[in-house]
Structures are given as C-alpha cells and as structure tokens.
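Enquirer: Coordinates for the following, if possible.
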Amino acid sequence: LTRSTAAILSQYAEWLAATTVGNYALFGGGVSSSTSYSYRVDAYNTSLTKSTVESLSVARANLAATTVGSYALFGGGHYFTDSYVHTSTVDAYNTSLTRSIPTVLSVGRRELAATTVGEYALFGGGVNGYGTNNNLSTVDAYNTGLTRSIPTALSVGRVRLAATTVGSYALFGGGYGTGYSAIVDAYTA
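Expert: Have a look, this model is predicted:
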C-alpha cells in the first residue's frame, strides 16, 4: 500500500465516476464548474500510463459506473442547458476501449449507484427532478451481452445511496428517501 501519484486527469472534475475493464481503470464525466460538464474519459493502464479515449456520448456529472463481463458501463447523470437535464444514456467501453451505446436506462436520473453481481451490472435508485417525490426505486440490469432488463425495484426510492457486491449478493444501502435511510436491498444473480 505504497502511495504514488499518477498523471493528472485531463480535466479538473468532481461528481465523476470510475470503474475498470480489462487492464484499464477508467474515469469519466464530471463537472468543473456550474455549467462545464465533461465528456472526457481517461484510461490508466497497469503501468499507470494515462490515455484519453473516445468521449462519453453525453457530457454529464453525478453518473454511476460498474463493469460487467468485458464492458465498463457509465450510466445516468445530469447536465445543464437552460435547466437540469437527467439522462438515461449508458456508454459501454470494451477491453480495447472502444465505445458503444447500449439500450438506455429505463428512466433518466442522477445520483444513482451501480455494482455488478454474477453476469449482471445493476444501476439502482437516483433522482429525476427535485424533491423527495422524484426519488427513484428503479433498478436496471445489463447482462454481459449488454441486454437490459428491469428487476424488482428497491424497497424504497432513494438518492445518494451506495452499492457494492459481496459473494453472490449485490447490495444497495443507505441514501435519502423521505429521510435518511439505513435500508439495504440485496439482489442475487
């Protein structure tokens, strides 16, 4: 656990997402000011050499990322034009870092969470609009062929939740629904 410093990202950003695919770690999207949303995706190989790959199809922040099979997926998020736009776009990068665009999420949203269990990438929760009435319980699943399905929803719609995987369970925990949440929803493949 010796720390070193890799080359800086190609753009200053917060609210970006990261995941790995093959021999690459990918950082994508984000925002560097109230109206400067990023399309950029930076890739770091196992020697920490940085390259900039094909951009996201939609510049956005507050997106989520995970990996399934040989694809890194970046889904959801929001950007600003005359008002905030919540996107349902999913960008997929294969192990050669070639981008494709699979079926969109069932609903555009930001501040969602993502993880992978078995052969499924799961994107859950988030918000589409403003106020607790817009917090979502929706879960979208992508298999290794990038086919989307919609499993049972989260037990409570919530935003700013966290997701991870342990053994054969994908867990979505915490967040904010009508108040702060301690709920953990578990999915098996």
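Enquirer: mind listing what residue 86 touches?
Expert: Going by C-beta atoms under 8 Å, 6 or more residues apart in numbering, residue 86 touches 76-78, 108-110, 127-129. (Glycine included, C-beta is placed from N, CA and C.)
Enquirer: If any of those residues are buried, give me the PyMOL selection for them.
Expert: Selection of the buried residues among those in PyMOL, burial being defined by 16 or more other C-beta atoms under 10 Å:
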select buried, resi 76+77+78+108+109+110+127+128
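Enquirer: Need the worst-confidence member of the contacts of residue 86.
Expert: Least confident of the contacts of residue 86 in the model: residue 129, at 86.
Enquirer: quick one: buried residues of the worst-scoring helix or strand of the chain on mean pLDDT?
Expert: The weakest-scoring helix or strand in the chain, judged by mean pLDDT, DSSP states H and E, is strand 31-33 (a mean of 88). Judged by neighbour count (16+ other C-beta under 10 Å), strand 31-33 contains these buried residues: residue 31.
Enquirer: for stretch 46-54, same thing?
Expert: Neighbour-count burial for stretch 46-54, with 16+ other C-beta under 10 Å as criterion, is recorded at residue 53.
Enquirer: With stretch 116-135 instead?
Expert: So for stretch 116-135, counting by 16+ other C-beta under 10 Å, buried means 116-117, 120-128, 135.
Enquirer: What of stretch 55-73?
Expert: Within stretch 55-73, the residues scored as buried using 16+ other C-beta under 10 Å are 56, 58-69, 71-73.
Enquirer: what distance separates the start and the end of that stretch?
Expert: 13 Å (C-alpha to C-alpha, to the nearest Å).
Enquirer: Need the pLDDT of residue 133.
Expert: Looking at residue 133, its pLDDT stands at 80.
Enquirer: mind listing what the most centrally placed residue in the chain touches?
Expert: Residue closest to the average C-alpha location in the chain (C-alpha atoms, centre = their mean): residue 64, at 1.4 Å. Contacts for residue 64 (C-beta under 8 Å, 6+ apart) come out as 17, 74-77, 112-114, 123, 126, 163.
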